[in-house]
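Colleague: structure here, sequence nowhere to be found:
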């Protein structure tokens, strides 16, 4: 792992592929540096828990939007702005669905569990869920996460200077190389896949060209990896018959895991680091007592989730939060607003790992709660412990602008510039 990373991990390409201000994130509002929390809180106070409109324009962003539930220009759009209402939407499968219809999705995404509902979603998710339960986190750490983190930390410490942007020099590549490692994808191919899955559906051909042959190899030559798990999985149909997953179905799983795994967790690593570095008392406490790390991670996800919004399609006329919602509309669940609902958390805008642990919506909720959330937690915990252990005197770089969390539909710090002692 270490040799492959040193030889093939192109630093300039990492900057290109993970630059929140760059063209790859333009359709996610990556360049937007305004505050999303205050305007949403005002709307909730003035109009209630449900308002008509699209999240971006409601917080002052009028640029392009390509995300789950967007752009959908011919539908009416609504936003749910508190914890209870968002929770109601994610649990109400009778009125809210994840897909506008299989024939309206980009080619290949119809077999993606992100867009499945009901019994079909349950059966497909059950195939891969056992690889992502908490007790399997150590499998991920031992096979891929720890080696990736160690190799990237070694690269960082091999440099002459004692300063870095943790966002791009450390965090960006970890989830990508972890999930690609679990699929036996090489480092150069992983970077090609990263470009493919962030091209608004335009890079599916590249993704299929790289991953398709791996599936065929694993059918003939199983290994201790996620592709083999999927190749050997048996799908139980409603009539009791059993089928193996097709290549297209496996590709759908893998596309979701790569798009989600390489696109969110690295930003949450940056959020966690930003929160700790801007609250040095908590940085010191976590460094001295690692039992506090779990609470610090959960609080960072509550405080600033990297996906502040997710959407459902309205399947039947309904009323939500006192507002009539027509069939065919899109309901955007503003998880960032749910996570700062003052009726659920005291002083919700403050980063405070000492607050009582409560369930939040940083990983979504309901039947579509994030499949990889326990792997994400393991990655964040592993890298946080690594830089606390190996970068003595770690602190924000006084000669660089302080980190700022930016973006609309995907959010994270623009940079995490740090220095440490020799």
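Modeller: That came through fine. A quick note: this is a predicted structure, and the numbers were derived from the prediction, not measured.

Colleague: show me the shaky parts of this protein.
Modeller: Of all residues in the chain, those with pLDDT under 70 make up the ranges 1-8, 101-111, 198-203.

Colleague: what residue lies at the spatial centre of it?
Modeller: Taking C-alpha atoms, centre = their mean, the centroid of the chain lies closest to residue 264, which sits 2.7 Å from it.

Colleague: give the contact list for that residue.
Modeller: 175, 306, 307, 376, 410 (C-beta atoms under 8 Å, 6 or more residues apart in numbering). Where C-beta positions appear, they are placed from N, C-alpha and C, glycine not excepted.

Colleague: now the strands for the stretch 301-422 of the chain?
Modeller: Taking DSSP state E, counting those that start in this stretch as the criterion, the stretch 301-422 of the chain carries its strands at 309-314, 318-320, 323-325, 330-334, 395-396, 405-406, 412-413, 417-419.

Colleague: out of these, nearest to residue 257?
Modeller: Each of these was checked against residue 257 via C-beta to C-beta, and the shortest separation belongs to strand 309-314, namely 16.8 Å.

Colleague: what strands line up against the closest one, and which way round?
Modeller: Strand 309-314 pairs in its sheet with strand 96-97 (antiparallel), strand 330-334 (antiparallel), by DSSP bridges.

Colleague: contacting residues around it?
Modeller: When contacts are defined by C-beta under 8 Å, 6+ apart, strand 309-314 is touched by residues 55, 67-70, 79, 89-90, 95-100, 325-336, 364, 409.

Colleague: likewise stretch 358-366?
Modeller: Residues from elsewhere that reach stretch 358-366, judged by C-beta under 8 Å, 6+ apart: 83, 86-87, 90-91, 298, 301-302, 305, 307, 310, 333, 335, 338-339, 344-345, 369-370, 373, 376.

Colleague: could you turn the buried ones of these into a PyMOL selection?
Modeller: Selecting only the buried members of the contacts of stretch 358-366 in PyMOL, with burial defined as 16 or more other C-beta atoms under 10 Å, works like this:
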select buried, resi 83+86+87+90+298+301+302+305+307+310+333+335+338+339+344+345+370+373+376
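
Colleague: show me what counts as buried in stretch 49-67.
Modeller: Counting neighbours by 16+ other C-beta under 10 Å, one finds that the buried residues in stretch 49-67 are 49, 50, 51, 54, 55, 56, 58, 59, 61, 65, 67.

Colleague: now render the residues you listed as CSV, adding secondary structure and distance to residue 273.
Modeller: Listed next are the buried residues of stretch 49-67 as CSV, based on DSSP: H, G, I helix; E, B strand; the rest coil; distance: C-beta to C-beta, whole Å:
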residue, secondary structure, distance to residue 273
49, coil, 32
50, strand, 34
51, strand, 33
54, coil, 31
55, helix, 26
56, helix, 26
58, helix, 29
59, coil, 24
61, coil, 25
65, coil, 28
67, strand, 25
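
Colleague: in TSV: the residues you listed, plus distance to residue 292.
Modeller: Supplementary listing: those in TSV, determined by distance: C-beta to C-beta, whole Å:
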residue	distance to residue 292
49	33
50	37
51	37
54	38
55	33
56	35
58	36
59	32
61	35
65	37
67	34
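
Colleague: between those residues, which is nearest residue 355?
Modeller: The closest of these to residue 355 turns out to be residue 49 (C-beta to C-beta; 22.4 Å).

Colleague: who touches residue 41 in this structure?
Modeller: Residue 41 is in contact with 337, 340, counting by C-beta under 8 Å, 6+ apart.

Colleague: okay, angle between the helix or strand encompassing it and strand 330-334 too, please.
Modeller: Assigning secondary structure by DSSP states H and E places residue 41 in helix 37-47. Angle, helix 37-47 to strand 330-334, by axes from the mean of the first three to the mean of the last three C-alpha atoms, to 10 degrees: 120 degrees.
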